[in-house]
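> here is a sequence with its predicted model. Questions after.
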Amino acid sequence: MTPFRLRIPRFPLPGRRQAVAGLLLALAIGVLAGLAVGLTAGPALAQSLTFDLGDAGGTATGRIVQMVGLVTVLSLAPSILIMMTAFTRIVIVLSFLRNALGVQQVPPTTVMMSLALFLTFFVMAPVFERSYNQGIQPLINQEIDEMEAFRRTVAPLREFMLQHTAEKDLRLFMDMARLQAVPEPADMPLHVLVPAFMISEIKRGFEIGFLLFLPFLIIDMVVSSILMSMGMMMLPPTMVAIPFKIIFFVLVDGWYLIAGSLARSFGTI
């Protein structure tokens, strides 16, 4: 009696690859078929997903409005940070400082923006704290409604912007909006106050930038005069002046002076 032997066909190398690919394809088809059967076996699963917006009627509409308002505020948060805080003046002054030093990439832009951002948070911390205590905290405790919370939250920011807005700039936008004098500062519309505040901050930033440029401009003039008197007119004066600017800025502790002066100029601390 001849013993039984299992003979496994040996494919050449291309044939083996085709066989393995066929097995993997069959396995994948089997898995997908099983998933399809599992999904279609329970039709009630398609109805198990619900989205709760609260009670029916006006409450559901209110929840939808709140959700839309929250998404809008989150999307506009960077613009709000730039428009209604001290960020504009701080970032302009730091940009002027880097140009005055003559180093376009040092400190890097990321470092400059981070410094401006955290200086803004430091300056605006008392204002943000008042906004939270007056508007957001009572809303969380369900003591006031959303509209009253918005009015109380914006009030400290409106007061801050009014303190740092030039009267001429404010009058310009009031005239263009055909708005008469408001009886109370709290009644000033934001669409008038915010652009007036921004151009006032830009103007102050340019004024501070002019004062920053003067000592470095003097260094440039002195270096240029020395190079011309030595007959080195082919040597760029800017390249020679940069080390003197840097050492001058370090010796006078420039970062300490700039950060302290900017923080104190807003009068919030």
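It's in. Because the structure is predicted, anything quoted here is derived from the model rather than measured.

> drop to CA atoms for contacts and neighbour counts, all remaining ones
Noted.

> give me the neighbour count for the closest residue to V106 other than its chain neighbours.
Beyond its immediate neighbours in the sequence, the residue positioned closest to V106 (Cα to Cα, 6 or more residues apart in numbering) is R98, lying 7.4 Å away. By the other Cα atoms under 10 Å criterion, the neighbourhood of R98 contains 18 residues.

> check contacts around the nearest residue to I199 once chain neighbours are set aside.
Counting by Cα to Cα, 6+ apart, the nearest residue to I199 once its immediate chain neighbours are dropped is D169, at 7.4 Å. Shown in contact with D169 (Cα atoms under 8 Å, 6 or more residues apart in numbering): A196, F197, I199, S200.

> unless I'm mixing things up, the residue nearest to V106 is touching Q104, no?
Yes. Using Cα atoms under 8 Å, R98 is in contact with Q104, at 6.4 Å.

> mind listing the shared neighbours of those two?
Common neighbours of R98 and Q104 (criterion: Cα under 8 Å, 6+ apart): none identified.

> still on that earlier bit, which helix or strand contains the residue nearest to V106?
According to DSSP states H and E, R98 maps onto helix 87-101.

> with L162 instead?
Element membership of L162, judged by DSSP H and E, is helix 146-163.

> so where is the stretch 101-250 of the chain shaky, pLDDT-wise?
Confidence mapping of the stretch 101-250 of the chain against pLDDT under 70 gives the ranges 185.

> just give me the closest of the contacts of D169 to P108.
P108 lies nearest to I199 out of the contacts of D169, by Cα to Cα, at 26.3 Å.

> how many other residues sit next to the closest one?
If you count neighbours by other Cα under 10 Å, I199 ends up with 18.

> so it is in which element?
Using DSSP H and E, I199 falls within helix 190-229.

> likewise F249?
Assigned by DSSP H and E, F249 belongs to helix 237-251.

> any idea how far that helix is from the chain center?
Helix 237-251 sits 32 Å away from the centroid of its parent chain (Cα atoms, centre = their mean, to the nearest Å).

> for it, buried residues please.
Applying a neighbour-count criterion of 16 or more other Cα atoms under 10 Å, one finds P237, T238, A241, I242, F244, K245 buried in helix 237-251.

> Serialize those to TSV and add fields for distance to F128.
Shown next, in TSV, are these (distance: Cα to Cα, whole Å):
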residue	distance to F128
P237	47
T238	43
A241	43
I242	40
F244	41
K245	37
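
> so which of the residues you listed comes closest to F118?
Nearest to F118 among the buried residues of helix 237-251, counting by Cα to Cα, is K245 at 25.9 Å.

> right, and that closest one touches F216 too?
Yes. Applying Cα under 8 Å, one finds K245 in contact with F216, separated by 6.3 Å.

> mutual contacts of those two, please.
The contact sets of K245 and F216 overlap at L101 (Cα under 8 Å, 6+ apart).

> by how many degrees do the strand or helix carrying I258 and helix 190-229 diverge?
I258 belongs to helix 254-264 when assigned by DSSP H and E. Interaxial angle of helix 254-264 relative to helix 190-229 (axes from the mean of the first three to the mean of the last three Cα atoms, to 10 degrees): 160 degrees.

> avg pLDDT for helix 254-264?
Mean pLDDT, helix 254-264: 88.

> that older thread, in the helix holding I199, what counts as buried?
Judged by neighbour count using 16+ other Cα under 10 Å, the buried positions of helix 190-229 are 192-202, 204-205, 208-209, 212-213, 216, 219-220, 223-224, 227.

> that helix packs against which elements?
With contacts taken as 3 or more Cα pairs under 8 Å, 6 or more residues apart in numbering; DSSP states H and E, helix 190-229 sits against helix 77-83, helix 87-101, helix 146-163, helix 167-176, helix 237-251.

> how about Q142, phi and psi?
phi 60, psi 40 (degrees, to the nearest 10).

> so which helix or strand takes in the residue nearest to F160 when sequence neighbours are not counted?
For F160, ignoring the flanking residues on the chain, the nearest one in space by Cα to Cα, 6+ apart is V127 at 7.6 Å. According to DSSP H and E, V127 maps onto helix 109-131.

> got the angle between that helix and helix 87-101?
Helix 109-131 runs at 150 degrees relative to helix 87-101, counting by the same axes, to 10 degrees.
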